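K.L.:
with the sequence up front, the predicted model follows.
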Amino acid sequence: MNFLVDGHNLIPKIPGLSLEAPDDEQRLIELLQVYRRIRRHAVEVFFDQAPPGRAGRRQVGTIVAHFVRQGRTADESIVARLDQLEKAARNWSVVTSDRQVQGEAKVRQAKVVSSEEFAAELAAALQDAQAAHHDDPGKMSDAELNEWLKLFGG
């Protein structure tokens with residue numbers, strides 16, 4: 001399954017992340033990169049309120065990050081991305097707890113995952129990564145493992 005993530009909707013649902021932190025978007029992208037590596041699902045994340053000159057689509061490692069220009073919302077951009085995907089939208093899940101976006105996703109035959117559910121899935125991926133680390137220490141660096149443990153209280 002592929003995911004379109006409403007980044008600012010997900011950040012407050014992840015222990016250790018806060019919308020008040022200056023690096024909240026980067027930290028979420030880093031977590032999503034680890035998730036992508038473990039679960040092997042494509043992930044695109046959308047963030048509102050990009051400062052002037054910073055808006056646009058960027059490939060950050062294995063994650064596609066959309067920094068939405070001011071005057072437009074991540075919600076609108078997610079719906080536009082689903083429209084762009086056309087029938088392939090049914091192969092994607094939208095991660096948000098915003099009911100309007102959930103409704104728009106369902107109309108386009110995309111699946112919906114609440115931000116709370118996806119945060120739990122991130123935590124489960126951490127557990128899998130931790131188990132893999134014990135089985136084969138080369139699978140995850142100590143820095144990656146420590147970051148996950150710090151975020152999820154391991």
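P.N.:
Right, received. Where do you want to start?

K.L.:
how much space between Ser114 and Arg58?
P.N.:
Applying CB to CB, to the nearest Å, the value for Ser114 to Arg58 is 26 Å. C-beta: built from backbone N, CA, C; applies to glycine.

K.L.:
who's more crowded, these two?
P.N.:
Taking Ser114 and Arg58 together and counting by other CB atoms under 10 Å, Ser114 has the greater number of neighbours (17 against 11).

K.L.:
and the nearest residue to Glu30 once chain neighbours are set aside, how far is that from Leu19?
P.N.:
Distances taken as CB to CB, 6 or more residues apart in numbering put Glu147 closest to Glu30, at 7.1 Å, once the chain neighbours are dropped. Computed as CB to CB, the Glu147 to Leu19 distance reads 19 Å.

K.L.:
so for those two, which sits in the more crowded spot?
P.N.:
For the pair Glu147 and Leu19, the greater number of neighbours falls to Glu147 (18 against 11), based on other CB under 10 Å.

K.L.:
helix or strand for the more buried one, which one?
P.N.:
Assessed by DSSP states H and E, Glu147 sits inside helix 142-152.

K.L.:
could you say what helices and strands that helix packs with?
P.N.:
Of the remaining helices and strands, those touching helix 142-152 by 3 or more CB pairs under 8 Å, 6 or more residues apart in numbering; DSSP states H and E are helix 24-39, helix 115-135.
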